[in-house]
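Engineer: just coords:
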């Protein structure tokens, strides 16, 4: 979880670094395709990885994913051209991350039911730890030893962590070889599953816009460069408890209820605090920490919500199918936000409003999904 989601949480620093170094001649929207594509491949492969996980077990997907991710990080460090970065980080890194993320989340669902939200949240804190550690390595190693060496250090850490995953990751239920490995698009005929997938699509569409552009925004408004790069670290610091606490709350109040609440809070924070922050360093730090905390549920609770509307033995397949559809939103979200920023002459106000409105839509979608799947009463725990 830490290598795959840690790299995903580092896209803000990587976006700002490549924009000012290797790919300084490219527009924000073109750079956005690199990091949108990484998110896309991370989720898109889930429709195939999930069924393989259900029918063949852990190692057939985690082992090649581990090898691919380590190679992707090393290759990225040596890349200087757009196509090189796209192929190494976006394609190889994204597909390999999918082979790690999907089994890790699905395996937690095998071992927990009543406490599934808390268990998944605790597991997802690893992404926040990676989102703190990896940017710090880039920020402080790159100026002294160079960006390639920073990525080599991250690659070595990923090698150790991925090797541990290959040894330690287990499932409770044995693989069902008779189930096959087909994509489960027929599941969308179930209204509960279809509405849940739509809600997850919207919240994942929204969450990566601040993650990708927060560092570039800090540099744009004149923050001290090191502090601007550290915004990603502060965001990930907030995300660590933000991925565990909503899980604990969700097991008591209901997973869909908590997702609706966290989405509306993220909308308010984005439209009120980020929009008004301008060049205030204190306001920006407050925003990224609070946003990191409340947005953590978008990573830790979305697979739990999906698993709540399907059978335990179908968790891998249903999660994979849902996140394959979600991948379309993550693919276009970051470059679309960049295009909005460019259309406003480089200012970020349109991008901020775009992210906030997406969160509002996600909150409404989770309310509707909860009503259809669990009931419309205010006291319903679902």
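Structural biologist: Ah, there it is. This is a predicted model, so every value here is computed, not measured.
Engineer: only C-alpha atoms from now on, for both contacts and neighbour counts.
Structural biologist: Will do.
Engineer: what residues sit buried inside the helix or strand hosting residue 69?
Structural biologist: Using DSSP states H and E, residue 69 sits in helix 59-78. Buried positions in helix 59-78, judged by neighbour count with 16 or more other Cα atoms under 10 Å: 59, 61-63, 65-66, 68-78.
Engineer: residue 119 contacts residue 246, correct?
Structural biologist: No: using Cα atoms under 8 Å, residue 119 is not in contact with residue 246; the gap is 10.8 Å.
Engineer: between these two, which one's more packed in?
Structural biologist: residue 246 (29 against 23; other Cα atoms under 10 Å).
Engineer: which residues are in contact with the more buried one?
Structural biologist: 117, 118, 121, 258, 296, 297, 301 (Cα atoms under 8 Å, 6 or more residues apart in numbering).
Engineer: rerun at 7 Å
Structural biologist: 258, 297 (Cα atoms under 7 Å, 6 or more residues apart in numbering).
Engineer: so how far is residue 286 from it?
Structural biologist: 19 Å (Cα to Cα, to the nearest Å).
Engineer: next structured bit after the helix or strand where residue 304 lies?
Structural biologist: Using DSSP H and E, residue 304 maps to helix 302-308. Scanning forward in sequence from helix 302-308 by DSSP H and E, the next helix or strand is helix 315-343.
Engineer: give me the buried stretch members for that following helix, please.
Structural biologist: Result for helix 315-343 [16+ other Cα under 10 Å]: buried residues 315-342.
Engineer: pLDDT on the helix or strand following it, on average?
Structural biologist: Remark: after helix 315-343, the chain's next helix or strand is helix 349-374, criterion DSSP H and E. Helix 349-374 shows a mean pLDDT of 95.
Engineer: next one: helix 349-374 to chain centre, how far?
Structural biologist: Put simply, helix 349-374 sits 17 Å off its chain's centre (Cα atoms, centre = their mean, to the nearest Å).
Engineer: then stretch 341-361?
Structural biologist: 19 Å.
Engineer: what's that stretch in contact with?
Structural biologist: So stretch 341-361 is contacted by 202-203, 206, 209, 263-264, 266-267, 270-271, 275, 337, 340 (Cα under 7 Å, 6+ apart).
Engineer: turn the residues you listed into JSON lines, columns for distance to residue 164.
Structural biologist: Output for the contacts of stretch 341-361, formatted as JSON lines (distance: Cα to Cα, whole Å):
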{"residue": "202", "distance to residue 164": "33"}
{"residue": "203", "distance to residue 164": "31"}
{"residue": "206", "distance to residue 164": "32"}
{"residue": "209", "distance to residue 164": "31"}
{"residue": "263", "distance to residue 164": "34"}
{"residue": "264", "distance to residue 164": "37"}
{"residue": "266", "distance to residue 164": "34"}
{"residue": "267", "distance to residue 164": "37"}
{"residue": "270", "distance to residue 164": "37"}
{"residue": "271", "distance to residue 164": "41"}
{"residue": "275", "distance to residue 164": "42"}
{"residue": "337", "distance to residue 164": "37"}
{"residue": "340", "distance to residue 164": "42"}
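Engineer: relative to residue 129, which of those residues is nearest.
Structural biologist: residue 209 (19.9 Å; Cα to Cα).
Engineer: surely that closest one meets residue 332?
Structural biologist: No: here residue 209 does not reach residue 332: they are 10.3 Å apart, not a contact under Cα atoms under 7 Å.
Engineer: so which of the contacts of stretch 341-361 are in strands?
Structural biologist: Among the contacts of stretch 341-361, DSSP state E puts none in strands.
Engineer: could you dump those into CSV and include pLDDT and distance to residue 161?
Structural biologist: Conversion of those to CSV gives the following (pLDDT from 0 to 100; distance: Cα to Cα, whole Å):
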residue, pLDDT, distance to residue 161
202, 94, 31
203, 94, 28
206, 92, 29
209, 93, 27
263, 96, 31
264, 96, 35
266, 96, 31
267, 96, 34
270, 97, 34
271, 96, 37
275, 94, 38
337, 94, 33
340, 95, 38
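Engineer: what about the closest residue to residue 9 other than its chain neighbours, distance to residue 360?
Structural biologist: Nearest residue to residue 9 in three dimensions, chain neighbours excluded: residue 131, at 4.8 Å (Cα to Cα, 6 or more residues apart in numbering). As judged by Cα to Cα, residue 131 and residue 360 stand 26 Å apart.
Engineer: please tell me I have it right and residue 43 contacts residue 98.
Structural biologist: Yes: taking contacts as Cα under 7 Å, residue 43 lies within contact range of residue 98: 6.1 Å.
Engineer: of these two, who's got more company?
Structural biologist: Using other Cα under 10 Å as the criterion, residue 43 and residue 98 rank with residue 98 on top: 33 against 30.
Engineer: tell me what angle the helix or strand of the chain with the lowest mean pLDDT forms with helix 59-78.
Structural biologist: Taking mean pLDDT, DSSP states H and E as the measure, the chain has helix 46-56 as its least confident helix or strand, at a mean of 76. Counting by axes from the mean of the first three to the mean of the last three Cα atoms, to 10 degrees, helix 46-56 lies at 140 degrees to helix 59-78.
Engineer: what residue ranges in the stretch 251-382 of the chain score low on pLDDT?
Structural biologist: 316 (pLDDT under 70).
Engineer: ok, now with 80
Structural biologist: Scanning the stretch 251-382 of the chain for pLDDT under 80 picks out the ranges 251, 279, 299-300, 312-317, 319-320.
Engineer: assign a three-state SS to residue 26, would you?
Structural biologist: Three-state call for residue 26 (DSSP: H, G, I helix; E, B strand; the rest coil): coil.
Engineer: what number of residues lie near it?
Structural biologist: 14.
Engineer: now do the phi/psi pair for it.
Structural biologist: phi -100, psi 150 (degrees, to the nearest 10).
Engineer: kindly report the same for the one 10 residues further on.
Structural biologist: Residue 36 has phi and psi values of phi -70, psi -40 when expressed as degrees, to the nearest 10.
Engineer: pull the residues that contact the helix holding residue 304.
Structural biologist: So helix 302-308 is contacted by 116, 117, 193, 196, 200, 255, 256, 315, 319 (Cα under 7 Å, 6+ apart).
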